[in-house]
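Trainee: Using only what follows, build the 3D model:
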Amino acid sequence: MTPEFSVVIPTYQQPALLLKCLDALGRQRLPRHQFEIIVVDEGNSSETETAVQLFAKQIARDGSPLEVRYLRQPERRGMAAARNRGWQAARGYIIAFTDDDCLPEPDWLSSALACFQRGAQVVSGQMRVLLPDHPSPLDRTATLLRRTEFVSSNCFVRKSALEQVGGFEEAFDTSWREDSDLQFKLLRAGILISKCPEAVVVYHIRPYPWYGLLQDERKNSYDALLYKRHPDLFKKRIPSYRRQTRQYYSAVLSIALSLICLITGQLAFTLIGLSIWTIFTADLVIRHLPRNPLTWLDIKHAVVTAIATPFLSIYWRLYGAFKYKVLYL
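Mentor: This is a model prediction of the structure:
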C-alpha cells in the first residue's frame, strides 16, 4: 500500500538527537501504514545507521508496521542535496520535511493531511522554538524561526510539485536559504503555500559557542546567491537589515580611513575616523552583551565579536557578490 506521507530527515553525526526525532514520529496519531520515514545520512556514519536500526526494531516490537529507511550519502553535499535524495526515493504522495534536532508533535502529520484533503499543494507548519535557560544573543536570534514564512524543518510538499520545480537547489550547500529558494520557486510556478498552525514542530535551541555569531557571517554569501536567483522576491520577503549593514560598512570604512590618514600623517582625520569606529563598535558591544549577570569573559567575548563582525560580514557579502556575479552589497 502506498503511504500518504514520506517523512524525509537529513542528518549529520547527531544519532542521539535523531533518535528523539524518530521517537516523536513513532508517536504520531496518524496510522503508521499512512507514512514512511526516510533518513538521509550526510555523515555516512555507522552510529547513525545503528540508531535508525535500533528505532526500527523498537517499532517492530509494537506490532504496528512502520517503514523506516536509511540512505547513505556518498559524500557530504549539504542539506539541500540530502533532502533531494530523500524525496526522490520516496513512495508517498506528500513529502514531509523535518530535521534531526526537531520534535514533531503527535498531530503533526494528521493536521497537515487535513489541509491536503482540502486541496493544498504545499503546507507550512508552525515552529515552536524553545530557548535554553541562559540564552546568548545568537540563541535569541534563532527565535526568528517562529516568524519565518517557510522553513524546511516543518513543511509538506506534494511530490508532483517538487518534481515540477526541481526540488531544492543544491548550490546552497549549507543550512541557509535553501528553504527560501524552494519557497520562491514554488511561488514563481504559481503553486500556493498554505499555512497550518496545527502542524507543530518543537525546536529546542542548543547553546551556541560565543563565536557562533562570527561563524554565521558566512551565510551572507548565500544571501547573495538567493538574491541573484530571485531578486524581486528577495526584496519583498527577506529582511534587509539596512541600518545594520550601513553600520558595518561605516565601521569598516572609518577604520580604513584612519589607517590611511595615519600613514599619510593627517592626524586630525585619523582621530575622526577612530572616533566614528569607536561609536559604532561600542553600540555593537552593548548589543552583543548577554542579558544574564555579566562576567569579564562575557564582556571580552562581546568586545571581540563587536570588533570582528563588521569585517567578516562585509567580507562574506563581497565574496558572495563576486562568486555569484551579482551586485549584492
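
Trainee: tell me the mean pLDDT for stretch 320-329?
Mentor: Here the mean pLDDT over stretch 320-329 is 92, rounded to a whole number.

Trainee: And the helices in the chain?
Mentor: With DSSP state H, the ranges of helices along the chain come out as 15-26, 46-62, 79-88, 108-117, 137-141, 159-165, 178-188, 212-216, 220-229, 231-237, 242-263, 267-288, 296-323.

Trainee: between these, which one is nearest to residue 1?
Mentor: Shortest distance between residue 1 and those, using CB to CB, is found for helix 108-117: 15.4 Å. Placement of C-beta: from N, CA and C, glycine included.

Trainee: helices or strands next to that closest one in the packing?
Mentor: Judged by 3 or more CB pairs under 8 Å, 6 or more residues apart in numbering; DSSP states H and E, the packing partners of helix 108-117 are strand 5-11, strand 94-97, strand 122-130, strand 155-158, strand 193-204.

Trainee: Also compute the angle for that helix relative to strand 5-11, please.
Mentor: Relative orientation of helix 108-117 versus strand 5-11 (axes from the mean of the first three to the mean of the last three CA atoms, to 10 degrees): 130 degrees.

Trainee: Would you mark the buried spots in stretch 181-196?
Mentor: By neighbour count with 16 or more other CB atoms under 10 Å, stretch 181-196 contains the buried residues 181, 182, 183, 184, 185, 186, 187, 191, 193, 196.

Trainee: remind me which residues of the stretch 1-150 of the chain are low pLDDT?
Mentor: Under the criterion pLDDT under 70, the flagged ranges of the stretch 1-150 of the chain are 63, 132-147.

Trainee: How many neighbouring residues does the residue lying closest to residue 194 once chain neighbours are set aside have?
Mentor: Distances taken as CB to CB, 6 or more residues apart in numbering put residue 120 closest to residue 194, at 4.3 Å, once the chain neighbours are dropped. Neighbouring residues of residue 120 were enumerated by other CB atoms under 10 Å; the total is 22.

Trainee: Same check on residue 178?
Mentor: A count of nearby residues for residue 178, using other CB under 10 Å, gives 25.

Trainee: now residue 215
Mentor: Neighbour tally, residue 215, other CB under 10 Å: 12.

Trainee: Let me see the contact set for it.
Mentor: Residues near residue 215 by CB atoms under 8 Å, 6 or more residues apart in numbering: none.

Trainee: State the distance from it to residue 159.
Mentor: The spacing between residue 215 and residue 159, counted by CB to CB, to the nearest Å, is 35 Å.
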